[in-house]
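**Student:** coords please:
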Amino acid sequence: MRSVRAVIIAMVLLVGLHGCDAGRSEGGKQPVELTVSAAASLQDALKEVKTAFEHEHPNIRIHYNFGSSGALQKQIAQGAPVDLFFSAAVLPFEELKKEGLIDSTHEKTVVANELVLIVPKQEEGAIQSLDDITRAKRVAIGIPESVPAGIYAKQTLERAGLWENVEPRLVLAKDVRQVLTYVETGNVDAGFVYRTDALVSGNVHIATAVPDEMHEPIVYPLGVVKTSEHLQEARQFYAYLTSEQALKQFEQYGFRRAH
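**Tutor:** Reported below is the predicted structural model:
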């Protein structure tokens, strides 16, 4: 009896496994994983976008590689397996276009941002303007050679005639989120980040917003990488990122629509 029962159980399990396999094959396309290299300042908004997109496209999984746009651009140029690039500045994006690595039929400037000067929450009122930054002992900005927010910060300080005064006290960060962390923890007296970064933290205070004319426009170009092994799916995600639904999600996190 035991041997017969064992055979029956084995047959039931075998049928069940075949049923599962059949279900997978009936589901159509095999799951596809897309890698999106995106500016660090986009991470909160993009995580929400990912949830909504994957709900509508269960056969596609999104993986993000967040960092400074300059560093991400170099990774893609060196052959990193990336499907889409979402930059926080025009220059790194244009560099990849020059190298023929961006799909010209699927590229667009999607959103814009604003540069702000922030201070630790407990130091609210100590610095209230750009000129007040001369009183800070340490000021954090992104590395100007690779971090767009750092480039915009340097342009701002130069145009305000403050660069030479502030430069000796600069603390350089690998991306804009590291600047935010430095200010949150009180390791610096002030720092330059995007408004969207400041809005996600309860530990910093926006001392002042930087006028747009003090730096190059802060815009975020998006494009499909030509070397993607999943161009069809990458273009699907591109279409979603540029859709009205996604734009509304970006606006909820403080981004503005690009003109």
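**Student:** can you give me the helices for the stretch 101-250 of the chain?
**Tutor:** Using DSSP state H, counting those that start in this stretch, the helices found in the stretch 101-250 of the chain span residues 148-159, 163-166, 176-184, 195-199, 231-241, 244-252.
**Student:** let's have those in JSON lines, adding distance to Asp44, mean pLDDT and mean neighbour count.
**Tutor:** In this view, the C-beta of every residue, glycine as well, is placed from N, C-alpha and C. As requested, those are exported to JSON lines (distance: least, CB to CB, whole Å; pLDDT from 0 to 100; neighbours: other CB atoms under 10 Å):
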{"stretch": "helix 148-159", "distance to Asp44": "15", "mean pLDDT": "97", "mean neighbour count": "23"}
{"stretch": "helix 163-166", "distance to Asp44": "28", "mean pLDDT": "97", "mean neighbour count": "14"}
{"stretch": "helix 176-184", "distance to Asp44": "10", "mean pLDDT": "97", "mean neighbour count": "24"}
{"stretch": "helix 195-199", "distance to Asp44": "8", "mean pLDDT": "95", "mean neighbour count": "21"}
{"stretch": "helix 231-241", "distance to Asp44": "15", "mean pLDDT": "98", "mean neighbour count": "19"}
{"stretch": "helix 244-252", "distance to Asp44": "10", "mean pLDDT": "96", "mean neighbour count": "15"}
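**Student:** so which of those is nearest Glu213?
**Tutor:** helix 148-159 (8.2 Å; CB to CB).
**Student:** contacts for that closest one next, please.
**Tutor:** Under the contact criterion CB atoms under 8 Å, 6 or more residues apart in numbering, helix 148-159 has outside partners 39, 41, 68-70, 87-89, 91-92, 115, 130, 133, 141-144, 163, 166-167, 172-173, 175-176, 179, 192-194, 210, 214-216, 218.
**Student:** export that helix to CSV, keeping only CA atoms.
**Tutor:** Below are the C-alpha coordinates for helix 148-159, written out as CSV (Å, rounded to 0.1, in the frame of the first residue of the first chain):
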residue,chain,number,x,y,z
PRO,A,148,26.0,68.1,-12.8
ALA,A,149,24.8,69.6,-9.5
GLY,A,150,28.5,70.4,-8.8
ILE,A,151,28.9,72.0,-12.2
TYR,A,152,25.8,74.2,-11.6
ALA,A,153,27.0,75.1,-8.1
LYS,A,154,30.4,76.1,-9.4
GLN,A,155,28.8,78.3,-12.1
THR,A,156,26.6,79.9,-9.4
LEU,A,157,29.5,80.7,-7.1
GLU,A,158,31.6,82.1,-10.0
ARG,A,159,28.9,84.3,-11.3
